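**Student:** Predicted model, plus sequence, below.
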Amino acid sequence: MVFDTTAAIKKALIECTGLDEIPLADGGEHADLATTVAFSLAKVKKQAPVKIAQEIVEALKKNKELADLGVTIGAKGPYVNFVFGKAYVSAAVKAATQPGYGNFPPKETRIVLEHTSANPNGPLHVGHIRNSIIGDTLARAFRKAGYRLEVQYYVNDMGRQIAIVTWGFDHLEHEPLPGEKEDAHIARVYIAANREIDKDKERITKEVDELMELVEGGDPETVKKFRREVSRCLDGFAVTLKNLNVRHDRFVWESDFVRNGDTKRVIGKIEKLPQVTHEGTLLALDLAEFGFANKYVIRRSDGTSVYAARDLAFHTWKSTNFDRAIDVLGADHKLIGAQLQCTLKLLGVKPPEIVHFEFVSLPEGSMSTRAGKFVSADDLIEEVTKRAFEEVTTRRPELDEATRKSIAASVARAGIRYDIVKISPEKSTVFDWKEALDFERQSGPYIQYAHARACSILDKAGNFEQCYELETEQEIILAKKIAKFPEVIEKVVCELRPHLLATYAHELADTFNSFYHYEPVLKSEGKVRDRRLTLVKAVQNTLHEALETLGIDAIRTM
RNA sequence: GGGCGAGUGGCUUAGUCCGGAUAGAGCGUUAGCCUCCUAAGCUAAUGGUCGGGGGUUCAAAUCCCCCCUCGCCCGCCA
């Protein structure tokens, strides 16, 4: 409906002006849609923009299609404004009351989305979960937009970090503390191992190198040890991710691409590229012609593969099995991401699309697992949940403890996810406990609250006849906001920017809260009551869909 | 040094790709609103040289150039 009306207006404008492209924008408070086309015509026609705008309005008023759609056309100075008609509003509200509002028809395109993929050498921290939350929100939006999607976690199970962890378990005291989570335990051993390395760098580095060679060579005992520690760490991650409503469909192990020969095959292809450089066994690419100053190393002089080689194999595999590949990566991966894309292109393989996000740091500086300088996601979840529980207990003392705990868990997830997803990915942030624990108005719980409020009204209302003929200004404003939801989903997947959905959800909750205070619903009567209840149902359902897409529980009471 | 990203009221930020109508929010501060559908709410007030300087344009937070500040990257680590 939105698309129909917009398309009709565009078509009419093209016919009327003779231009191919019409600048169309949201009219804000003036209109639902507006064009500044009169400015661009002013030069050509050598007439004042105001006069041209009036002429366009006159011409469009004769357009039958726009008249049938009930579009009101007017000029304000040089701007030509369009206000959508009642038919548009009714259709939008009707659609919004249906389950699955905002879903697009299924598409054939198969997409693989990779996110989080943190090294399994310690718990996920507040920087990692920015990746998880951006990735998971995108995944949900893509599913809603009708794509066939597989979400993957790429497990770095043969990197130096893991070798250091394994060395630590071989040589250091490593009993878990009582109640200690697997990933936290591994971080402790990793940090301790690094401290040992600092004491006797030469000897231990040699031992770690040996472990890496053994694993690359497929030594069963070493492979088993690596896998065991990595799996334990991933078990820890699983708990964290589940607490954040983040889901992966598949965990892909890096070492598989060495063992199945894919890495060797991709290296074979690279050797045939004109950009290749050899220095003994060392194999690298010279990508200077594409603006990369440093050589891109593929194989070390000891014959082992580097991360880049395995990553090339992985992405070649993705490209043969999926139509599109999307990676969510931190800003520190910008250079290697670009090198990867460039090399894949040279190999004739479709490169992945990469969504980068900037860093989350601590007030005292960058986070480092190695140095033990990080705020773990588990600690964050625990503290925010505690805070949420206090809040629920204050507000709803009559509820039993289990219910309050459940609400607190959902509110905490909402607080954390929303706080992270609302910020555009290109903004670097500093983690702040005070802000994390503060449920300000521009928050996930605020949106959950608006939804719960709508649910409460509907619960009290009982049966009513759906009615889509809206009248008052507040009703129409709210309905038009509801109508925007499908466009937002489309924009999120098109621009790979999930924070647009966060902004929208907040605006919708805001608009509903204003409506709620101006227009009585349950106290109104007859048709007025019916149409307002219909509108509340539409808002409730739209908020529900928006929250679910944000990975936030749309709880019915709080 | 080079590359990438950011700089918007006291603080956090949307808008920048695709230039247009008084730059939107939230926090804070101040003043109101619960015999009335959930006050995690609502209504106001307060507060902005959109980092600085040039340029393009009828029109610049938005485009171009220069500069400043901050973050990230520039490994035979991952």
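**Tutor:** Received it, and whenever you're ready, just let me know what you need.
**Student:** what separates the residue sitting nearest the centre point of chain A from residue A:422, distance-wise?
**Tutor:** Residue closest to the average C-alpha location in chain A (Cα atoms, centre = their mean): residue A:134, at 2.8 Å. Residue A:134 sits 11 Å away from residue A:422 when distances are taken as Cβ to Cβ, to the nearest Å. Backbone N, C-alpha and C define where each C-beta goes, glycine included.
**Student:** now swap in residue A:101 and tell me
**Tutor:** 22 Å.
**Student:** what about residue A:97, neighbour count?
**Tutor:** Number of residues near residue A:97 (other Cβ atoms under 10 Å) recorded here: 19.
**Student:** go on, residue A:251?
**Tutor:** Neighbours of residue A:251 under the rule other Cβ under 10 Å: 16.
**Student:** what secondary structure does the closest residue to it other than its chain neighbours sit in?
**Tutor:** In space, and not counting its chain neighbours, residue A:251 is closest to residue A:153: 4.8 Å by Cβ to Cβ, 6 or more residues apart in numbering. Following DSSP: H, G, I helix; E, B strand; the rest coil, residue A:153 is assigned to strand.
**Student:** Using CSV, write out every CA atom in the host helix or strand of residue A:240.
**Tutor:** Here residue A:240, judged by DSSP states H and E, is contained in helix A:220-243. Taking Å, rounded to 0.1, in the frame of the first residue of the first chain, the C-alpha atoms of helix A:220-243 are listed here in CSV:
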residue,chain,number,x,y,z
PRO,A,220,45.6,-36.8,16.5
GLU,A,221,46.6,-36.2,20.1
THR,A,222,47.3,-32.5,19.7
VAL,A,223,44.2,-32.0,17.5
LYS,A,224,42.1,-33.6,20.2
LYS,A,225,43.6,-31.4,22.9
PHE,A,226,42.9,-28.2,20.8
ARG,A,227,39.4,-29.3,20.1
ARG,A,228,38.7,-30.1,23.7
GLU,A,229,39.6,-26.7,25.0
VAL,A,230,37.9,-24.9,22.1
SER,A,231,34.7,-26.9,22.7
ARG,A,232,34.7,-26.1,26.3
CYS,A,233,35.0,-22.4,25.5
LEU,A,234,32.2,-22.6,23.0
ASP,A,235,30.0,-24.2,25.6
GLY,A,236,30.6,-21.1,27.7
PHE,A,237,29.8,-18.8,24.7
ALA,A,238,26.6,-20.7,24.1
VAL,A,239,25.2,-19.8,27.5
THR,A,240,26.1,-16.1,27.0
LEU,A,241,24.6,-16.0,23.5
LYS,A,242,21.4,-17.7,24.6
ASN,A,243,21.0,-15.1,27.4
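**Student:** Now do the contacts for residue A:20.
**Tutor:** By Cβ atoms under 8 Å, 6 or more residues apart in numbering, the contact set of residue A:20 is residue A:14.
**Student:** ugh, wrong one, residue A:166
**Tutor:** So residue A:166 contacts A:211, A:222, A:225, A:226, A:229 (Cβ under 8 Å, 6+ apart).
**Student:** Mind pulling up the pLDDT for the residue nearest to the centre of chain A?
**Tutor:** For residue A:134, the pLDDT comes out at 98.
**Student:** Can you list phi and psi of it for me?
**Tutor:** phi -60, psi -50 (degrees, to the nearest 10).
**Student:** Against RNA strand B, how distant is it?
**Tutor:** 12 Å (Cβ to the nearest atom of the strand, to the nearest Å).
**Student:** Check residue A:88 too.
**Tutor:** Using Cβ to the nearest atom of the strand, residue A:88 is found at 18 Å from RNA strand B.
**Student:** what do you get for residue A:216?
**Tutor:** Distance from residue A:216 to RNA strand B, by Cβ to the nearest atom of the strand: 9 Å.
**Student:** Tell me which residues touch that residue, please.
**Tutor:** Shown in contact with residue A:216 (Cβ under 8 Å, 6+ apart): A:158, A:258, A:304, A:305.
**Student:** Counting neighbours, what do you get for the last one?
**Tutor:** Using other Cβ under 10 Å, residue A:305 has 23 other residues around it.
**Student:** And it, what's its pLDDT?
**Tutor:** Here, the pLDDT recorded for residue A:305 equals 90.
**Student:** So it sits against residue A:311, correct?
**Tutor:** No: taking contacts as Cβ atoms under 8 Å, residue A:305 lies outside contact range of residue A:311: 9.9 Å.
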